[in-house]
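Undergrad: Model the structure of this input:
(chains A and B)
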Amino acid sequence: MSGTALDPRTAPVFPMAARAAMGDTQLRKNVRHATDVIQAKRARVVGEMPDWQELRESGRRIRQHTMEHLDVYLEQFEENCTRAGGVVHWARDAAEARRIIVDLVKATGSDEVIKIKSMTTEEIQLNKALEAAGIHPFETDLAELIIQLGEDQPSHIVVPALHKNRQQIREIFQRKMNLPDLGEKPQDLADAARMFLREKFLRVKTGVSGANFLIAETGGVCVVESEGNGRMCLTLPETLITVAGIDKVVPRFQDLEVLLQLLPRSATGERMNPYNSIWTGVNAADGPKAFHIVLMDNARTEILADEEGRQTLNCIRCGACQNACPVYRQTGGHAYGSVYAGPIGAILTPQLMEMEHAQSLPYASSLCGACYEVCPVKINIPEVLIHLRNKVVEQNGIMNAEALAMRAMGIIFQSERRFRAAQRMGRLAESPLVRKDGQGQGWIGWLPGLLGGWTQVRDLQSMPEETFRDWWEKRGKNGR
Amino acid sequence: MADNSARSVVLERIRKATGNASSLEAASAEWDELRRGYRRDASLEHDELLELLVERLRDYDAQVLRVGPSGVADAVKAMLQARGVRRLVVPAGLPVEVLPEGFEFIVDAGFHPAELDAFDGVVTLATVAIAETGTVVLQNTPGQGRRAATLVPDYHLCVLYAADVVETVPEAMDRLQATATLATTFVSGPSATADIEMTRIKGVHGPRFLDVVLVGGGEAN
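TA: Residues are numbered from 1 along each chain as shown, chains lettered A, B, ... in the order given. Below is the predicted model of the structure:
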């Protein structure tokens, strides 16, 4: 995974990438440990809340309402932010957003920027574009710093380096910070990051951030974080450039009373994360003198147009679905080939790619529903997964093997005569493959061709000698 | 400066996707009707919720002293001595009666970040505190000052009045509504991270130590 960005257009398909991840026992151990810890913390602080289900319901309704009036709320945000001294830019896609940001940084004269962790900047591969323009981006979130120095890729929305353990992190820091005697206690590693970054916070004059919420009513922006690196980037530079998907808007300041309860408890299992910053435009005596915000579409309107897929946009990026997912917990995030991994990634990535890439992701799920249960805004991820599988099938057309097989099945199931004939055929066809075990039960250990997937990791029981219907009819004839 | 064609294209795409152009009136009317069945009011007596706040703050390893109105300066002194800090920046408008003798308090004159870095700590008031989450909310007002001053120094002492403590997040947002456009920071314990093996580590970039002097509201202890 090193170096190359997680790009759904070039990444290997999920089953291939997952197979590689499954072979990395260290990775699996790290991911399992981290997700176990977060899940336990989340369960504890969610259990404290007698009104958790009501909060989820309100969260869902606020987000759904916002999407239905997205044009109005974005315009209102733009008006209020502009009035407060911010400059609002619009971007149709990732390329346009990158161009706007690179030009803004160049205009400040800086050849370096400090960055807050932002999945949106990962989505648009901003760092690569900045570097190509001769601008050095310093990631300041501890996990993002680990990723950047290790030439790695994020594997989780909230805890991007959760696939690395302390020894691996120490090794990266020793090498990249030139600290041969660095200890491996988490405290030592965090202290090293503090030393390494403080000088940059005090010196670099341009900050780049994402956003958690844009408040239409006030034109304010809210960023939620833990370490204080976010506050550094939002407060100390002379110029602040924020990039946000158009889905990040909320109608009113008051709506934060719901979302700021749902997000920290779901994301990190805290009652409140250490720091939430809210700022509105520019304040002459407090913070950056220039504030730019880039409102980016990048296929979000495609998702909005799909009534069944639309709820994907309600996501507030807490990562709870990743921690709960039995698939993610085995493979980790990189297998998803996108910065958005896990269940939310399985529905978000293909839609952001306008269903042209990442088509295997909707199948990277057992549809167990654990993601839906923990989602703070009640996104019915299994429902969207099935919806997207439908789309994939439609795209593949009717002439591929799976579609033909399904059509044949449909024809067989429509007639009792054909169904019985198929059962007889099946018993006949399987007979050369069946081996009896000690109890006389038949097992099939290998199936040919496309069917081989069934027997790759388990044996299939042979068909019974007699079907229930046959037995029932015989029993009727023999009298009772 | 902004590219107008991108703006109109994105808005046009949204209207096409949702099927119609919405209006602020329609949106507001619908927003008013959104279901809000969650707790919006306090369920505890005021003294109980002060206790809850103290417990939650201590959970974050903050030191908390409760005092009566006349004991503030002494409590501040005790805190600063215990932490071994001597030279502190204070925002304009901080009442002098909260500051004890024997320390160097320098009013923030818009210092450069590097100058702020040379202070041992900062003393401020707060706008509101949330008991349930152990949160102190700071805004850019007299006595609380600009955000950088409570960020760069390694130690933050917050003087909090009991009347400003609420139980739930919705009550706090209600109090903040009138000043919603001020620069606002919710602080819940010292800076922290769990990025390494989900182990909570205190103090990454923000102040590593946060203490609170809680003034009034029942007996001090």
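Undergrad: and residue 38, what helix or strand is that in?
TA: Went with chain A since none was named. Using DSSP states H and E, A:I38 sits in helix A:25-47.
Undergrad: Tell me which residues of that helix come out buried.
TA: A:27-28, A:30-31, A:34-35, A:37-39, A:41-42, A:45-46 (16 or more other Cβ atoms under 10 Å in any protein chain shown). C-beta: built from backbone N, CA, C; applies to glycine.
Undergrad: for those residues, which one is nearest chain B?
TA: A:V37 (3.9 Å; Cβ to the nearest Cβ).
Undergrad: what pLDDT does the closest one get?
TA: Note on A:V37: pLDDT of 95.
Undergrad: can you check B:T193 too?
TA: pLDDT at B:T193 comes out at 87.
Undergrad: Same question for B:M1.
TA: So, for B:M1, pLDDT stands at 46.
Undergrad: Please work out which residue of the stretch 101-250 of chain A is closest to chain B.
TA: Residue of the stretch 101-250 of chain A nearest chain B, by Cβ to the nearest Cβ: A:G228 (2.6 Å).
Undergrad: Correct me if wrong: A:C318 contacts A:Q261.
TA: No. Using Cβ atoms under 8 Å, A:C318 is not in contact with A:Q261, being 11.7 Å away.
Undergrad: can I assume A:W52 is in contact with A:V45?
TA: No. The pair A:W52 / A:V45 is not scored as a contact, 9.7 Å apart, by Cβ under 8 Å.
Undergrad: how would you label the residue sitting nearest the centre point of chain A: helix, strand or coil?
TA: Centroid check for chain A by Cα atoms, centre = their mean gives A:Y340 as the closest residue, at 3.0 Å. Per DSSP: H, G, I helix; E, B strand; the rest coil, the local secondary structure of A:Y340 is coil.
Undergrad: Would you map the strands across chain B?
TA: B:63-67, B:87-90, B:104-107, B:121-124, B:128-130, B:135-139, B:155-161, B:165-166, B:184-187, B:192-193, B:201-202, B:209-215 (DSSP state E).
Undergrad: Output the ones you listed as JSON lines; include the columns distance to chain A and mean neighbour count.
TA: Compiled in JSON lines, those are given as follows (distance: least, Cβ to the nearest Cβ, whole Å; neighbours: other Cβ atoms under 10 Å in any protein chain shown):
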{"stretch": "strand B:63-67", "distance to chain A": "16", "mean neighbour count": "20"}
{"stretch": "strand B:87-90", "distance to chain A": "14", "mean neighbour count": "20"}
{"stretch": "strand B:104-107", "distance to chain A": "13", "mean neighbour count": "13"}
{"stretch": "strand B:121-124", "distance to chain A": "13", "mean neighbour count": "26"}
{"stretch": "strand B:128-130", "distance to chain A": "7", "mean neighbour count": "26"}
{"stretch": "strand B:135-139", "distance to chain A": "5", "mean neighbour count": "25"}
{"stretch": "strand B:155-161", "distance to chain A": "11", "mean neighbour count": "23"}
{"stretch": "strand B:165-166", "distance to chain A": "11", "mean neighbour count": "24"}
{"stretch": "strand B:184-187", "distance to chain A": "4", "mean neighbour count": "26"}
{"stretch": "strand B:192-193", "distance to chain A": "5", "mean neighbour count": "26"}
{"stretch": "strand B:201-202", "distance to chain A": "5", "mean neighbour count": "20"}
{"stretch": "strand B:209-215", "distance to chain A": "9", "mean neighbour count": "24"}
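Undergrad: of all those strands, which lies closest to B:S22?
TA: B:S22 lies closest to strand B:184-187 among these, at 28.5 Å (Cβ to Cβ).
Undergrad: which helices and strands sit right next to the closest one?
TA: For strand B:184-187, the packing partners by 3 or more Cβ pairs under 8 Å, 6 or more residues apart in numbering or on different chains; DSSP states H and E come out as strand A:275-280, strand B:135-139.
Undergrad: could I get those strands as CSV with mean pLDDT and distance to B:E33?
TA: Below are the helices and strands packed on strand B:184-187 laid out as CSV (pLDDT from 0 to 100; distance: least, Cβ to Cβ, whole Å):
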stretch, mean pLDDT, distance to B:E33
strand A:275-280, 98, 26
strand B:135-139, 98, 29
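Undergrad: Redo those as CSV? Include distance to A:T140.
TA: Below are the helices and strands packed on strand B:184-187 laid out as CSV (distance: least, Cβ to Cβ, whole Å):
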stretch, distance to A:T140
strand A:275-280, 13
strand B:135-139, 21
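Undergrad: so which of these comes closest to A:S58?
TA: Judging these by Cβ to Cβ, what sits closest to A:S58 is strand A:275-280, at 18.7 Å.
Undergrad: which parts of the helix or strand just after the closest one are buried?
TA: Using DSSP H and E, the helix or strand that follows strand A:275-280 towards the C-terminus is strand A:290-296. Residues A:290-296 are the ones in strand A:290-296 that count as buried (16+ other Cβ under 10 Å).
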